[in-house]
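[1] need a 3D model of the sequence below.
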Amino acid sequence: MKAPINARLKLLATLIRDGAVLADVGTDHAYLAIHLLREGRITFAHLSDINAEPLNRARRNVELYELSDRVSFHLTNGAAELFDLGITDYAIAGMGGELIADIISAAPHLKAKNVNLALQPMTKPEVLRAYLYDNGFEIVDEKYASDEGKNYVCIQAIYTSVCSPYSLADIHFGKVRTGIPVCGAEMTYMREQLKRLEGVRRGKRLGGIATDIEDELISALEKRLGQ
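    Just a heads-up that it's a prediction; the model follows:
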């Protein structure tokens with residue numbers, strides 16, 4: 001019996017390292033951890049949530065798949081209390097980029113060079129990317145998924161202590177990955193962003209509002225998409 005993991009979380013799972021001890025922050029139903037444990041990708045999972053109800057739901061699912069001996073549960077806010085547990089990889093997904101940045105900021109132990117972060121912002125990815133670049137993290141990979149008519153980006157980051165420079169386009173769409181063409185779900189995601197920005201620009205122009213930011217972002221996107 002396979003865990004009913006969706007395309008978004010299945011993609012996030014590819015950013016978790018083999019043999020990891022995982023912390024799934026805001027686990028909800030535990031399907032990410034269940035999938036990784038059943039695939040033999042991770043050795044143990046620490047599941048946390050701020051609310052008791054989703055954590056109890058996660059507990060029931062873990063019991064259903066007979067994985068209780070390889071999982072622990074933590075009723076806690078964010079990742080601040082998930083330290084000294086041998087955790088190597090943290091998954092933080094299903095929330096806005098601002099909240100993910102706040103969670104990382106409140107957990108200083110995530111600033112360690114052996115820690116891998118797998119992040120999936122539902123909104124405001126530009127806020128999350130800017131936070132990572134400004135605070136010594138390197139974004140080592142970005143992947144894209146389409147799931148039930150919505151498009152998502154998943155971000156893998158590690159702490160290097162080096163604060164990287166970035167452009168406005170870099171934080172909104174990710175830095176250009178040399179030699180990797182834009183295609184598939186990434187193409188769909190970028191086209192959606194282009195359509196959204198064009199709509200914002202039209203609205204601003206009708207209201208007599210400057211569109212310098214939108215002009216810059218649209219130009220960068222069109223170049224990336226080869227238009």
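[2] now the strands for this protein?
    Counting by DSSP state E, the segments of the chain that form strands are 20-25, 42-49, 71-75, 89-95, 116-121, 137-147, 150-159.
[3] can you tell me the closest non-neighbouring residue to residue 176?
    Leaving out its chain neighbours, the residue that sits closest to residue 176 by C-beta to C-beta, 6 or more residues apart in numbering is residue 224, at 6.6 Å. C-betas here are computed from N, CA, C, even on glycine.
[4] the one you found and residue 167, how far apart?
    Counting by C-beta to C-beta, to the nearest Å, the separation of residue 224 from residue 167 is 12 Å.
[5] so what's in contact with these two at the same time?
    Residues touching both residue 224 and residue 167 by C-beta atoms under 8 Å, 6 or more residues apart in numbering: none at all.
[6] more neighbours, these two?
    Neighbours per residue, other C-beta atoms under 10 Å: of residue 224 and residue 167, the larger number sits with residue 224, 17 against 13.
[7] that one contacts residue 175, doesn't it?
    No. Because the distance of 10.6 Å does not satisfy C-beta atoms under 8 Å, residue 224 is recorded as not touching residue 175.
[8] closest to residue 131 out of the strands of the chain?
    Closest approach to residue 131 among the strands of the chain (C-beta to C-beta): strand 137-147, 8.1 Å.
[9] buried ones in that closest one?
    Buried residues in strand 137-147, defined by neighbour count with 16 or more other C-beta atoms under 10 Å: 137, 139, 142-146.
[10] what's the angle between it and strand 150-159?
    Using axes from the mean of the first three to the mean of the last three C-alpha atoms, to 10 degrees, the direction of strand 137-147 lies 160 degrees away from that of strand 150-159.
[11] show the pLDDT at the nearest residue to residue 123 once chain neighbours are set aside.
    Using C-beta to C-beta, 6+ apart and skipping residues adjacent in sequence, the residue nearest residue 123 is residue 96, 4.4 Å away. Listed pLDDT for residue 96 reads 96.
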